[in-house]
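Participant: Can you look at this prediction? I've put the sequence above it.
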Amino acid sequence: MRSKHPGGSPLREPHPLTLLRIMTGDTQLSYAALLSDTYRALGFGEIKATREKINRWENGRATPTTRAQIAMAHLHQVPVEVVRRLGWPLWLHRGSAAPPLSARGPADRDRAAGGTGPYTLPAAGPVLRITGPRLSSVLAECLAVLPEPASAEGNQPVTSDALSAIESGIASLADKSFLIHPVIAYRLARNEYQAVQEVLRYGSYGPTVGARLYTNASAAGRIAAQLATNLGDYSRAEANSLSAIRCAARSGSALILANAIDVLIHLHLVAGDPMDALTVTTAARSANTSPHLEVVLHIREARARARMGDIMASVRSIGLATETLTTRANFLDRTFANVNEAWLPASIGHVWLDAHHPRKALDHYAEHNKFRSRQGLPQIPAITYQNLLTVARAQLAANDLEASVDMARESIMLFSWPPPNSLKILRELFSGHATAGPVRDLLSEVSEKVQRGSPVH
């Protein structure tokens, strides 16, 4: 029942969006900015952040688009299926408060969108925002979009020369992104992604060209996500992974979508919940058509099972990965060129480390190094950096502190200036040995190197 003011006229009850907005201390303008950041982070592109737009929604004069509602649903932790079933504005009654205004800042908003400004270190606290049922909803939505390659009628036709230039730029980025410093490579990847998004937003193209554009946007987002993961910036990695997945869905290619989803699996193994990693693995399998990616997905599942303590299931997945690699993926696939007999031992080593068997992990890392030496494979700094740190963790878990410190030092020496979070990673790695002389010396060396040469803000 509506209440009345002293004059007897009925007072209109606040719109449910108004109530949710007030719960976080947002003005209409600040809420519009938060929604715009979330919309972009989910890979939907741009939405204009204006007070007037929020005002029209709250006064019932306009209804948000489906994508705007989905972005709001992510803010307020409402499953997409509820949004579709109840409709606007009834689903808002199921919502909870978004992150409070006082907890947000420019760096947080930049990171939520994938990060295009000066590179800053991630803040402490929870790093992955899309988890559990919300994660399942995002993946189901992307898989549903898959059969529909996109087209658009914009102001500027996309010429074959323009398309070739975009594809050449992305291919060049893929070749060099892991050969240069990861912060610089990350910025390049974000620039490429934004450039393709501009073409998608304002260009005119049919389904064939649209599929190629979205394929390249997904590739740039995927590279940015991989680099952010290597840098330990998991919030940016998540935002870029989701952007890559949404673009891949619009490309109409199941394999491209599965490949993009795989980056998110790895992220959840590194920084999230193993159950979420299994959820994402199932989604990738439903779209996958490549035996090489199937090998990767078996290893992803083995790691998730190991982290959950299910060693038998983990071993079965290792067996399936080995069998698939030797019987069905025994040919060169340029898309998955690194999935080979040298890659498998290192990946199995990761599984055993997740299962808390560091000595078994070290045995497999040694086998991996033998393969690489025998084949004369080149060293890729960003990937080698992560691999060496993983070996250092295994050595520390096996109670070999001296070897662990030496391996960690070798990882840092790959760069003329260390990655921005390297000191934080090493402090966490050796937190139980902070007073040991070798650890103090290593942390002092890295701290001095960061202060002397890093251009990171």
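Facilitator: Yes, it's here. Residues are numbered from 1 along each chain as shown.
Participant: so where's the protein uncertain?
Facilitator: Applying pLDDT under 70 to the chain flags the ranges 1-13, 24, 41-43, 99-127, 147-149, 375-380, 420, 450-457.
Participant: report the longest helix in it, please.
Facilitator: If you go by DSSP state H, the chain has its longest helix at helix 207-230.
Participant: Skip ahead from that one and say which helix or strand is next.
Facilitator: Using DSSP states H and E, the helix or strand that follows helix 207-230 towards the C-terminus is helix 234-251.
Participant: what about residue 310, how many neighbours?
Facilitator: 16 (other CB atoms under 10 Å). (Each C-beta comes from the backbone N, C-alpha and C, glycine too.)
Participant: Which neighbouring elements make contact with the longest helix of the chain?
Facilitator: helix 160-176, helix 182-202, helix 234-251, helix 254-271, helix 381-397 (3 or more CB pairs under 8 Å, 6 or more residues apart in numbering; DSSP states H and E).
Participant: Of all these, which one is nearest residue 25?
Facilitator: Of all the helices and strands packed on helix 207-230, it is helix 234-251 that lies closest to residue 25, at 21.7 Å by CB to CB.
Participant: What helices and strands are in contact with that closest one?
Facilitator: Going by 3+ CB pairs under 8 Å, 6+ apart, helix 234-251 lies up against helix 28-41, helix 106-112, helix 132-145, helix 182-202, helix 207-230, helix 254-271.
Participant: Now render the ones you listed as CSV, adding mean neighbour count and distance to residue 15.
Facilitator: Below are the helices and strands packed on helix 234-251 laid out as CSV (neighbours: other CB atoms under 10 Å; distance: least, CB to CB, whole Å):
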stretch, mean neighbour count, distance to residue 15
helix 28-41, 21, 11
helix 106-112, 18, 25
helix 132-145, 18, 23
helix 182-202, 20, 30
helix 207-230, 24, 35
helix 254-271, 24, 34
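Participant: Figure out how far the longest helix of the chain is from the centre of its chain.
Facilitator: With CA atoms, centre = their mean, to the nearest Å as the basis, helix 207-230 stands 12 Å off its chain's centre.
Participant: Okay, angle between it and helix 160-176 too, please.
Facilitator: 20 degrees (axes from the mean of the first three to the mean of the last three CA atoms, to 10 degrees).
Participant: going forward can the numbers begin at 57, since that is how I track them
Facilitator: From this message on, residue numbering opens at 57, which makes the last subject helix 263-286.
Participant: before we move on, the earlier item: okay, the helices and strands packed on helix 263-286 in TSV with distance to residue 394 next?
Facilitator: Formatted as TSV, these follow (distance: least, CB to CB, whole Å):
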stretch	distance to residue 394
helix 216-232	12
helix 238-258	17
helix 290-307	18
helix 310-327	12
helix 437-453	9
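Participant: Out of those, which is closest to residue 96?
Facilitator: Comparing the helices and strands packed on helix 263-286 by CB to CB, helix 290-307 comes nearest, at 8.1 Å.
Participant: Mind listing what's buried along stretch 378-395?
Facilitator: Using 16 or more other CB atoms under 10 Å as the test for burial, stretch 378-395 gives 378, 380, 381, 385, 392, 395.
Participant: first to last residue in that stretch, what's the distance?
Facilitator: 11 Å (CA to CA, to the nearest Å).
Participant: what's the answer for stretch 425-438, then?
Facilitator: 17 Å.
Participant: thinking again about what came up before, out of the buried residues of stretch 378-395, who's nearest residue 401?
Facilitator: residue 378 (10.1 Å).
Participant: Please list all residues in contact with that closest one.
Facilitator: Applying CB atoms under 8 Å, 6 or more residues apart in numbering to residue 378 gives the contacts residue 400.
Participant: That one: which element?
Facilitator: helix 367-383.
Participant: so after that helix, what's the next helix or strand?
Facilitator: Following helix 367-383 toward the C-terminus (DSSP H and E): helix 399-410.
Participant: Done for today, thanks.
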